[in-house]
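> structure for the following, please:
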Amino acid sequence: MNPVASRPVQVFVVAPAMLCWGLERLVQTARPRIELMGTAETLADAMPVLQGRVVADVVVLDLDGGYGPDAVADLQAVFKGRLVVLTSSQDVGLLDQVVVAGASGVVRKSDSPAALLKSIEKVHEGELWINRSAAGRIFVEMARQNVASGNDPDRLKIATLTARERQTIAAVASDASAPGKVIAGRLCISEHTLRNHLSSIYGKLGLSNRLDLFAYATKHRLHKAG
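Just a heads-up that it's a prediction; the model follows:
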């Protein structure tokens, strides 16, 4: 059994009252897969609720409330789950920065309701919900930032990786925006096994998501299986 799917994905929504009302009813259509844990009209109202304890698996944030990368980074500092931003913005640079700051998914308000529900489930499973063109730009920026940081390679951590974990890293780094099902297929394993491998890799390398893994793999030349 997939442990991720053994209980509903618990969601907290940060959006104006009318949008919260609509999202609450949308989530109700996805029960028992997804469950609404709470709402707040502003990030300022949400922070005390989220700070210091995880009340949800995924936060859905209406980015059009005047929030940007700094707000996303502040939220991620107190909330250790996944973040999906909902927006009507066409500012590609802003949306890229929001993902670099910690958002796992970007959903446009012109997308279908089903797309938002699917994004919630997929980011909860550890995947990214961003389009391919954005992924390319973001991965390059993440790699650039890691190289610029000048951090020394953690050779002891890398040495703990198994051959299969190195193969998994190479598969993810070669196409990090690909769905888990596609990457698992290339490795001839199940999505459940892929998630287990990624969980182990994240733990060993001190990472939390695929963006981090891509940048780490590029910096430390782990993007090729060997």
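
> hey, let's count contacts and neighbours off CA atoms from now on
Noted.

> can you give me the domain assignment for this protein?
The record, using automatic domain parsing to delimit domains, assigns the chain the ranges 3-130, 135-219.

> compare those and say which comes out lowest on pLDDT.
Confidence, taken as mean pLDDT, is least for domain 135-219 of these (a mean of 81).

> and it, how far out from the chain middle?
Relative to its chain's centre, domain 135-219 lies at 13 Å (CA atoms, centre = their mean, to the nearest Å).

> what about that domain, start to end distance?
Terminal residues of domain 135-219 lie 17 Å apart, using CA to CA, to the nearest Å.

> returning to that earlier point: export the domains of the chain as CSV, with columns for mean neighbour count.
Formatted as CSV, the domains of the chain follow (neighbours: other CA atoms under 10 Å):
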stretch, mean neighbour count
domain 3-130, 18
domain 135-219, 17
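
> can you give me the helices for the chain?
17-28, 43-50, 69-78, 92-100, 113-124, 132-149, 155-159, 163-174, 180-187, 191-205, 210-219 (DSSP state H).

> between those, which one is nearest to L61?
Minimum separation from L61 across the helices of the chain (CA to CA) falls at helix 43-50, 8.1 Å.

> if we look at the closest one, which residues are touching it?
For helix 43-50, contacts defined as CA atoms under 8 Å, 6 or more residues apart in numbering pick out 14, 39-40, 55, 75, 78-79.

> what sits against the residue lying closest to Q97 once chain neighbours are set aside?
Distances taken as CA to CA, 6 or more residues apart in numbering place P69 nearest to Q97, at 5.8 Å, with adjacent residues excluded. Each residue near P69 by CA under 8 Å, 6+ apart is listed here: 94, 97-101.

> check L19 too.
Here L19 is in contact with no residues (criterion: CA under 8 Å, 6+ apart).

> got it, and D70?
Here D70 is in contact with A101 (CA under 8 Å, 6+ apart).

> in strands only, show me the contacts of helix 43-50.
14, 39-40 (DSSP state E).

> turn those residues into a markdown table, columns for distance to A176.
Shown next, in a markdown table, are these (distance: CA to CA, whole Å):
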| residue | distance to A176 |
| --- | --- |
| V14 | 28 |
| T39 | 31 |
| A40 | 32 |
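
> which one of those residues is nearest to L213?
Nearest to L213, judged by CA to CA, of the ones in strands among the contacts of helix 43-50 is V14 at 28.1 Å.

> show me what contacts that closest one?
Here V14 is in contact with 20, 39-43, 46, 59-62 (CA under 8 Å, 6+ apart).

> at 7 Å what do you get?
Each residue near V14 by CA atoms under 7 Å, 6 or more residues apart in numbering is listed here: 39-43, 46, 60-62.

> next one: F12
Residues near F12 by CA under 7 Å, 6+ apart: 36-39, 56, 58-60.

> just give me the residue right at the centre of this protein.
The residue lying closest to the centre of the chain (CA atoms, centre = their mean) is S104, at 2.5 Å.

> wait, that residue sits on K122?
No. Contact criterion CA atoms under 7 Å: S104 and K122 do not qualify, at 9.4 Å.
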